[in-house]
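Novice: Output the structure for:
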Amino acid sequence: MKENRIAELNEVIRFDVISDNGKRKIYVELKNKHNTMNSSSSQKNYMRMQAKLLEEPTCECFLVEVIARKSQDIV
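Specialist: Coordinates of the predicted model:
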């Protein structure tokens, strides 16, 4: 049952960057300051990355939050 759930999650998992050089695979989820990273979003990202790590134990997953040096409050 657990394997089926992981397979279901992996079918809908999309990462912003996937790097595969044949020796190691890296999955990156990019977020910028204007994307919401509330507790629900954080939990979803954690679960997605956990599912990917369970599927591919040798891969690496990263969450990258991009924050501008200068605030640009455009109205």
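Novice: Find the centremost residue of this protein, please.
Specialist: In the chain, the centroid-proximal residue (CA atoms, centre = their mean) is residue 29; its distance is 3.6 Å.
Novice: mind checking the SS state of residue 58?
Specialist: Assigned with DSSP: H, G, I helix; E, B strand; the rest coil, residue 58 falls in the coil class.
Novice: The residue nearest to the centre of the chain - nearest residue in space that isn't next to it in sequence?
Specialist: Computed as CB to CB, 6 or more residues apart in numbering, the closest residue to residue 29 that is not its neighbour in sequence is residue 63, at 5.1 Å. Every C-beta, even on glycine, is put in place using the N, C-alpha and C of the backbone.
Novice: residues in contact with the residue nearest to the centre of the chain?
Specialist: The neighbours of residue 29, taking CB atoms under 8 Å, 6 or more residues apart in numbering as the test, are 15, 16, 45, 48, 49, 61, 62, 63, 64.
Novice: Phi and psi next, for residue 64.
Specialist: Torsion angles at residue 64 (phi, psi; degrees, to the nearest 10) stand at phi -120, psi 120.
Novice: and if you look at residue 70?
Specialist: Torsion angles, degrees, to the nearest 10, at residue 70: phi -120, psi 130.
Novice: Next, count neighbours for it.
Specialist: Residue crowding around residue 70 was assessed by other CB atoms under 10 Å; the count is 4.
Novice: related to what we said a few turns ago, ok, now how distant is the residue nearest to the centre of the chain from residue 66?
Specialist: 11 Å (CB to CB, to the nearest Å).
Novice: same deal with residue 41?
Specialist: 15 Å.
Novice: Likewise for residue 17?
Specialist: 12 Å.
Novice: buried sites along stretch 28-47?
Specialist: Applying a neighbour-count criterion of 16 or more other CB atoms under 10 Å, one finds 29, 31 buried in stretch 28-47.
Novice: Which secondary structure elements does the longest helix along the chain sit against?
Specialist: For the chain, the longest helix by residue count, based on DSSP state H, is helix 39-55. If you count contacts as 3 or more CB pairs under 8 Å, 6 or more residues apart in numbering; DSSP states H and E, helix 39-55 packs onto helix 2-12, strand 25-32, strand 60-66.
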